[in-house]
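Enquirer: My questions concern the predicted model and sequence given below.
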Amino acid sequence: MFSNRSFLMILDLSYNEITGSIQDMIQDLAHARLNILLLKGNRFTGRLPEQLCQLVDLNILDLSYNTFYGPIPNCLGKMPFENDDSLGGAFNGFIRGKNAHSGILVPNINVKANFTTKKRSYTYSASILAYMSGIDLSKNKLNGSIPYELGNLTRLRALNLSHNDLIGQIPTTFSNFEHVESLDLSFNMLSGEIPPQLNQLSSLAVFSVAHNNLSGDTPEQKGQFITFDESSYEGNSLLCGPPLTRSCHPYAQSPTISPNDEDDDSPIDMHAFVVSFGVAYTSILLVIVATLYINPYWRRAWFSSMELIIFSCYYFMQDNWRRFSTSRNL
């Protein structure tokens, strides 16, 4: 399919409406020193072939906007995806290898590659390509869980697995992405908690796990995670914590107070107060009744006082009633 494929370093077939499987193509490229493979925006279908893992010199792999299905091959995590400095010579105006006829290095000043990272499409050219590495499998129908082996790609700068049907948890091995600048896992069906170790990713500039089935706390707001807003986590109804407005502890549990504790802490024991007041009132009343019953002198004085008070009230009411009636007639 590809002549002189041993010298092929960049293959860009993006946006060509190509259909079918890529298995035969990848098999044909197995012995090529391919650094960049761009198949974005076609109609490729089928499973991702294991032969992809034989392209050990790959730095950039873009299979986005196709209809690939099935699991992500575990062996992708065993590929280097390293931005090797030796590539600088290849892209500084020369393609590595020799012309079949002249035997000299072939100049190629217009080497360029388009790759989407940090949610923007960039055109990488010349020696910049030597420092870029990334995988974009977004906008397909990939399913199954994310291989934990992908966390072995410590030199990777961009990983986009968004808009697929991936399930399971986010691998804790993703905390090994020392150089990753863009990590997009949005629009899948991932579940479980976000590994808290991800806040150790010091180079991360774009992060999204939006629109999944994640739950639990968001990563601690420190390092690069201070810069990510609510849009990075939206669409996960069971996810809580800053920067989301949903608190993980909406109702602070107050300590349960038993009736005994409440009685001990109260400044006034109401039950004891009522009982003591009743006893005191009854005692005073009984003392008064007993005194009046035993002592005739105090009994006469008591009744005389009561009679005086009653007559005083009567004459007071009578005088005031007359005055009130007279004022109404006037």
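Expert: Looks like it came in fine.

Enquirer: if I pick the closest residue to Asp165 other than its chain neighbours, what's in contact with it?
Expert: Distance criterion CB to CB, 6 or more residues apart in numbering; nearest residue to Asp165, sequence neighbours excluded, is Asn143 at 4.3 Å. C-beta coordinates here come from the backbone N, C-alpha and C atoms, glycine included. Residues in contact with Asn143 (CB atoms under 8 Å, 6 or more residues apart in numbering) are 69-71, 164-167.

Enquirer: Low-confidence bits of the stretch 201-330 of the chain, can you list those?
Expert: Applying pLDDT under 70 to the stretch 201-330 of the chain flags residues 250-269, 321-330.

Enquirer: now with 90?
Expert: Along the stretch 201-330 of the chain, segments meeting pLDDT under 90 span 247-330.

Enquirer: All the strands of it, in order from the start?
Expert: Applying DSSP state E, counting those that start in this stretch to the stretch 201-330 of the chain gives strands spanning 206-208, 213-217, 238-240.

Enquirer: how about JSON lines for those, with distance to Leu292 and mean neighbour count added?
Expert: As requested, those are exported to JSON lines (distance: least, CB to CB, whole Å; neighbours: other CB atoms under 10 Å):
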{"stretch": "strand 206-208", "distance to Leu292": "91", "mean neighbour count": "21"}
{"stretch": "strand 213-217", "distance to Leu292": "77", "mean neighbour count": "16"}
{"stretch": "strand 238-240", "distance to Leu292": "75", "mean neighbour count": "17"}
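
Enquirer: out of those, nearest to Gln51?
Expert: Proximity to Gln51 (CB to CB) singles out strand 206-208 among the strands of the stretch 201-330 of the chain, at 30.4 Å.

Enquirer: Okay, now the sheet partners of the closest one, with direction.
Expert: Using DSSP bridges, the strands paired with strand 206-208 in its sheet are strand 182-184 (parallel).

Enquirer: Okay, helices next: where are they in the stretch 51-200 of the chain?
Expert: Counting by DSSP state H, counting those that start in this stretch, the stretch 51-200 of the chain has these helices, from start to end: 87-91.
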